[in-house]
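**Q** Okay, structure incoming, though there's no sequence with it:
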């Protein structure tokens, strides 16, 4: 297995543990946000691998199914981890939704750049 496949499997297992109540949801969120912030190009690869791995294992394994929503530029916006319902004992599947904070990060960076501009630069643009 390559790095992307290993990271994908690690995330899927963490999601399974969260859905089973064995691990706090913060662990899953932390894993995904760290990838997004430190290696954003890897996030896309890992999420594609998560999607490709849907149905790879038997339903009895209980690993969650992954649904991904992307924006108009094909960036990952949300990742939904849905239990198969087999191991939880309930008929209704449980799910976890992770939301990318990419758009908020860009907004803050743009806002900070605007704040950093000197008043002279703003006056030159206005003229």
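**A** That came through fine. The shown structure was predicted, so the numbers you read here are calculated from the model rather than taken from an experiment.

**Q** Would you mark the buried spots in the biggest helix by length in the chain?
**A** Assignment by DSSP state H gives helix 3-19 as the longest helix of the chain. Within helix 3-19, the residues scored as buried using 16 or more other C-beta atoms under 10 Å are 4, 7, 8, 9, 11, 12, 14, 15, 16, 18, 19. C-beta coordinates here come from the backbone N, C-alpha and C atoms, glycine included.

**Q** Show the contacting residues for the second one.
**A** So that's residue 7. Counting by C-beta atoms under 8 Å, 6 or more residues apart in numbering, residue 7 touches 35, 42, 46, 49.

**Q** Does the last one lie in a helix or a strand, and which?
**A** Okay, so that is residue 49. Taking DSSP states H and E as the criterion, the element that holds residue 49 is helix 40-52.

**Q** Taking helix 3-19 as reference, get the angle to that helix.
**A** In terms of direction (axes from the mean of the first three to the mean of the last three C-alpha atoms, to 10 degrees), helix 40-52 departs from helix 3-19 by 70 degrees.

**Q** So which elements touch helix 40-52?
**A** In terms of contacts (3 or more C-beta pairs under 8 Å, 6 or more residues apart in numbering; DSSP states H and E), helix 40-52 is packed against helix 3-19, helix 25-38, strand 65-70, strand 76-82.

**Q** and the third one, which strands flank it?
**A** It stands for strand 65-70. Using DSSP bridges, the strands paired with strand 65-70 are strand 76-82 (antiparallel).

**Q** and the strand it pairs with with helix 25-38, angle?
**A** Taking the same axes, to 10 degrees, one finds strand 76-82 and helix 25-38 inclined to each other by 150 degrees.

**Q** Sketch out the low-pLDDT regions of this protein for me.
**A** Residue ranges of the chain with pLDDT under 70: 60, 85-93, 103-108, 118-127.

**Q** if we go to 80?
**A** Filtered on pLDDT under 80, the chain yields the residue ranges 1, 57-62, 84-93, 102-112, 118-127.
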